[in-house]
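In: I'll drop the sequence and a predicted model, then ask my questions.
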Amino acid sequence: MGLRITGNGVLESNIAKSQKEVENSLEKLSSGIRFTRSEPMPVERAQSDALISKMKEINSYKQNVNEGLSFTQTADSALSQMTNTTIHLKELVAQSLNPSLSDKERQFIFVEYQAHYDEMDRVAATTSYAGRNILDHTNSVDVSGVGTSANAKSFWSKVGKPVIADGKDLNQIGVEKLDEINARPKDIGLISAEHLANSKDGVSLDEVMDTFNIDSNHSASSFDDAQLKLSEHRASFGAVTSRLTSSMHSLDVAYENVAAANSRIRDVDYATESTNLARAKILVQAGTSLLAQSNSSQNILTLIKSLDRNN
C-alpha cells in the first residue's frame, strides 16, 4: 500500500491568485501604466491613445506658433535697430547745422552719416527668416501659406484645426500684405548723403539744408516720416506677436488639461498599487505557510505510528 501526500486545492488556488496579483502589481509599478497583460483595459487604453494623439497634435501647433514668433521677433529686432539708426541720423544732421563748424568738420559728420545709412540699408535688405525676406519685397510673388519663396506675400502659422468663418481660417495667424513692407532707407524716405561724404571741398551749411530740404526752422521732416513708417511696420509685426503669444498660452492650457486627463486614465496610483502589492505578498506567504503545515512531517509520522500499532 503506497503513501500519497496531497495538497489542498483551495490553498493552492488562493496562492496562485495572490501570486498573479503580485506579478500584476509589479508590472504596473515598474512601467507606471495601469494597463497590463492581466488587465488590458481596452476601453481605457483606447481613450488614453486618443488623448496622447491630441497631445502630440497640440505640440505640433505649439511648434508652429514658435516658428511664427521667431519670424515676427526677427522683424521687430531689425526694425528696432533701424529706428535707433534713424534717430541717430537725425541727430547727425542737426549737429551739422551748427554754424561754428568748418566745412571740413561738417563733411566728417556726413562720413559717419553715410556709414550708418549704408548699414541701415544692409539690415533692411538682408533681414530674413528661413530664406524669406522680411523687410525688402521689391520683387514679391504670390505665395500662400508658409512657402519657401524669398519674397512671399504673406506668412502664416497654423495654431489649430481649420475653422472657417467668413471665408477665413480662424486658426491661421500671420502677417498679411507682407509684400508691401519695404523698409530700406530709400523706401521710407531717408536721404543718402554719399555726395556730401565724398566732397573734396567740405560741406557748407547751405548744401546740408538743400540736400535734406530743411526750412528756416531747421526742421527735417523726412526723418520724422521715416520713423513713422518704421513704427507702422513694427505695429504690424507686434500685433501678430501678441496674437501668437496669446495662442501659445491657450495651447499650453489645452495641453495641460489633456495631459491631466490622460494621466488620470493611464498612470498608476503608486500609493494604492504599493498597498496592493504588499497585501498580495502577504497572502502568498501566508498561503504557502499554511500549505506547508498541512503536509508537515509531524502529521506523516503520526500516520506511520498509527499504522504500526494496528499491525
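Out: Noted; the coordinates are in hand.
In: chain center to the helix ranked longest in the chain: distance?
Out: As assigned by DSSP state H, the longest helix anywhere in the chain is helix 42-96. On the basis of C-alpha atoms, centre = their mean, to the nearest Å, helix 42-96 sits 9 Å off its chain's mean C-alpha point.
In: helices and strands around that helix, which ones?
Out: helix 103-126, strand 128-129, strand 155-158, strand 172-175, helix 205-211, helix 221-266 (3 or more C-beta pairs under 8 Å, 6 or more residues apart in numbering; DSSP states H and E). Every C-beta, even on glycine, is put in place using the N, C-alpha and C of the backbone.
In: pick the most buried one from those.
Out: strand 155-158 (a mean of 22; mean count of other C-beta atoms under 10 Å).
In: right, and the helix or strand after it?
Out: Sequence order places strand 164-165 as the next helix or strand after strand 155-158, per DSSP states H and E.
In: just how off-centre is the helix or strand just after that next one within its chain?
Out: Counting by DSSP H and E, the element after strand 164-165 in chain order, helix or strand, is strand 168-169. The chain centroid and the centroid of strand 168-169 are separated by 23 Å under C-alpha atoms, centre = their mean.
In: ok, back up a step: want to try a markdown table for the helices and strands packed on helix 42-96, with distance to residue 46 and mean pLDDT as columns?
Out: Below are the helices and strands packed on helix 42-96 laid out as a markdown table (distance: least, C-beta to C-beta, whole Å; pLDDT from 0 to 100):
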| stretch | distance to residue 46 | mean pLDDT |
| --- | --- | --- |
| helix 103-126 | 52 | 94 |
| strand 128-129 | 41 | 88 |
| strand 155-158 | 27 | 88 |
| strand 172-175 | 31 | 87 |
| helix 205-211 | 75 | 89 |
| helix 221-266 | 10 | 93 |
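In: in CSV, list those along with distance to residue 290.
Out: Shown next, in CSV, are these (distance: least, C-beta to C-beta, whole Å):
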stretch, distance to residue 290
helix 103-126, 84
strand 128-129, 75
strand 155-158, 65
strand 172-175, 70
helix 205-211, 108
helix 221-266, 38
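In: out of these, which comes closest to residue 66?
Out: Among the helices and strands packed on helix 42-96, helix 221-266 comes nearest to residue 66, with 7.7 Å by C-beta to C-beta.
In: if you count contacts, what does the next helix or strand after that closest one end up packed against?
Out: Next in sequence after helix 221-266, counting helices and strands by DSSP H and E, comes helix 270-294. With contacts taken as 3+ C-beta pairs under 8 Å, 6+ apart, helix 270-294 sits against helix 9-31.
In: who does the helix it packs on touch, helix- and strand-wise?
Out: Applying 3+ C-beta pairs under 8 Å, 6+ apart, one finds that helix 9-31 contacts helix 270-294.
In: list the buried residues for the helix it packs on?
Out: Residues 273, 276-277, 280-281, 283-284, 287, 291 are the ones in helix 270-294 that count as buried (16 or more other C-beta atoms under 10 Å).
In: what is the lowest-pLDDT residue among these?
Out: Looking at those, model confidence by pLDDT dips furthest at residue 291: 70.
In: pLDDT score for the residue lying closest to that residue once chain neighbours are set aside?
Out: Nearest non-adjacent residue to residue 291, counting by C-beta to C-beta, 6 or more residues apart in numbering: residue 11, 4.7 Å away. On the pLDDT scale, residue 11 is placed at 72.
In: ditto for residue 55
Out: 95.
In: looking at the buried residues of helix 270-294, which is nearest residue 202?
Out: residue 273 (88.2 Å).
In: tell me if I'm right that the closest one and residue 26 touch.
Out: No - counting by C-beta atoms under 8 Å, residue 273 does not reach residue 26; the two are 9.3 Å apart.
In: mind checking how far residue 203 is from residue 94?
Out: From residue 203 across to residue 94, the span is 14 Å (C-beta to C-beta, to the nearest Å).
In: neighbour count: those two, which is higher?
Out: Using other C-beta atoms under 10 Å, the more surrounded residue of residue 203 and residue 94 is residue 203, with 25 against 14.
In: residues contacting the more buried one?
Out: Counting by C-beta atoms under 8 Å, 6 or more residues apart in numbering, residue 203 makes contact with 96, 103, 106-107, 109-110, 196.
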